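Colleague: Structure for the following, please:
(one chain, ligands or ions: 1)
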Amino acid sequence: MPDLDPKSIAITGASNGIGAALARALAAPGRQLALTGRDAGRLEAVAVACRAKGAQCLTAPIDVRDGERLSAFLGEVDGKVPIDLLVANAGILDGRHADQTVETGPAARRVLEVNLLSAVDTLHSVLPGMQRRRRGDIILVGSLASLIPLPDAPAYSASKAGLMSYGLALREAVANEGIRVVVACPGFVSTGMTDIHLGPRPGEISADAAAALILRGLRENRPLIGFPSVPFWFSRLSIVFPEWLRRRMTQDTRFHVG
Ligand SMILES: NC(=O)c1ccc[n+]([C@@H]2O[C@H](COP(=O)([O-])OP(=O)(O)OC[C@H]3O[C@@H](n4cnc5c(N)ncnc54)[C@H](OP(=O)(O)O)[C@@H]3O)[C@@H](O)[C@H]2O)c1
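Modeller: From the prediction side, this is the model:
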């Protein structure tokens with residue numbers, strides 16, 4: 001397996017939070033970063049920080065749900081400098097608002113479209129090139145909610161569980177083609193997303209710390225990169241716990257979005 005020294009990196013959701021932190025952490029002379037998100041101004045600010053570290057940067061304000069435009073952009077980048085690391089990170093949180101017991105149907109659909117379907121579209125834009133070259137790394141950004149469903153955000157949980165399942169299946173499918181697929185499962189990270197998560201957020205860490213843990217996990221080629229470690233292991237094991245115990249585990253972290 002190749003070491004982690006990507007020359008051409010594409011990151012979705014790079015305009016803020018974990019994606020921006022990964023971009024900054026990966027920025028170095030001799031590397032090209034292709035950064036996407038919707039907010040052109042924030043994207044450019046991240047690019048400026050990355051260029052200051054010596055990286056070349058391309059930015060493209062594209063909604064991940066616009067698969068055609070995103071695929072065209074990634075294809076163009078790949079044609080010039082083959083992408084050897086893709087981070088499918090763009091995501092949104094929605095769920096129950098204060099006056100609801102459950103999210104609405106349209107909110108659930110939007111979350112699934114952005115977090116699951118668009119992430120799958122994104123990786124398929126880049127995968128054929130990696131397969132031809134028999135080389136490449138893919139990071140899918142899931143969540144601890146991939147492992148333990150959140151009653152306050154059912155679609156978010158389902159989107160992240162689906163992405164984890166897709167990623168682990170893909171990892172096996174391409175294991176002999178020189179491609180590493182890892183799924184990051186962060187706990188609480190201080191970003192724009194946590195600003196709308198109104199409730200307790202135990203063990204919250206900074207986006208820079210999360211980025212460092214994700215890149216270490218990729219370097220170690222861990223299928224699931226979960227943190228913090230205690231909640232990660234509880235969440236992994238929770239599938240075999242009786243319902244009353246799972247309920248007790250989640251009752252102190254109930255929340256609503258705002
Ligand atoms: N923060 C946490 O506690 C936490 C925990 C577990 C997992 N995660 C996951 O980490 C990933 C990054 O989230 P974050 O915490 O860094 O949140 P964030 O600060 O809100 O960043 C989300 C990023 O996704 C982009 N994005 C959202 N919708 C998009 C769309 N339709 N098209 C294109 N880009 C879109 C945003 O860019 P624009 O606004 O410019 O479009 C932004 O760059 C997400 O997948 C999230 O589920 C976060």
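Colleague: all contacts plus neighbour counts: C-alpha atoms, from now on.
Modeller: OK.
Colleague: Downstream of the strand ranked longest in the chain, the next helix or strand is which one?
Modeller: Of all segments of type strand in the chain, defined using DSSP state E, the longest is strand 179-186. Where DSSP states H and E defines the elements, the next helix or strand beyond strand 179-186 is strand 189-190.
Colleague: For the longest strand of the chain, enumerate its sheet partners and note whether each is parallel or antiparallel.
Modeller: strand 136-141 (parallel), strand 224-227 (parallel) (DSSP bridges).
Colleague: could I get those as a markdown table with mean neighbour count and mean pLDDT?
Modeller: Shown next, in a markdown table, are those (neighbours: other C-alpha atoms under 10 Å; pLDDT from 0 to 100):
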| stretch | mean neighbour count | mean pLDDT |
| --- | --- | --- |
| strand 136-141 | 25 | 98 |
| strand 224-227 | 24 | 98 |
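Colleague: Format those as JSON lines; extra columns: distance to residue 250.
Modeller: Listed next are the strands paired with strand 179-186 as JSON lines, based on distance: least, C-alpha to C-alpha, whole Å:
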{"stretch": "strand 136-141", "distance to residue 250": "22"}
{"stretch": "strand 224-227", "distance to residue 250": "17"}
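Colleague: Need the contact partners of the longest strand of the chain.
Modeller: If you take C-alpha atoms under 8 Å, 6 or more residues apart in numbering as the criterion, strand 179-186 is touched by 130-131, 134-146, 164, 167-168, 170-171, 174, 210, 214, 218, 221-228, 232.
Colleague: Out of the strands paired with strand 179-186, which is closest to residue 79?
Modeller: Residue 79 lies closest to strand 136-141 among the strands paired with strand 179-186, at 14.7 Å (C-alpha to C-alpha).
Colleague: contacting residues around the closest one?
Modeller: Looking at strand 136-141 with C-alpha under 8 Å, 6+ apart, the contacting residues turn out to be 83-89, 119, 123, 130, 163-164, 167, 178-186, 218.
Colleague: just to revisit the earlier point, need the strands paired with strand 179-186 in TSV (columns: distance to the ligand).
Modeller: What follows is the strands paired with strand 179-186, written out as TSV (distance: least, C-alpha to the nearest ligand atom, whole Å):
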stretch	distance to the ligand
strand 136-141	5
strand 224-227	9
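Colleague: of all the residues in the protein, which ones are close to the ligand?
Modeller: Within the chain, the positions adjacent to the ligand are 13-19, 37-39, 62-65, 89-92, 114, 141-143, 186-194 by C-alpha under 6 Å from any ligand atom.
Colleague: among those residues, which ones are buried?
Modeller: By neighbour count, with 16 or more other C-alpha atoms under 10 Å, the residues of the chain next to the ligand hold 13-19, 37-39, 62-65, 89-91, 114, 141-143, 186-190, 193-194 as buried.
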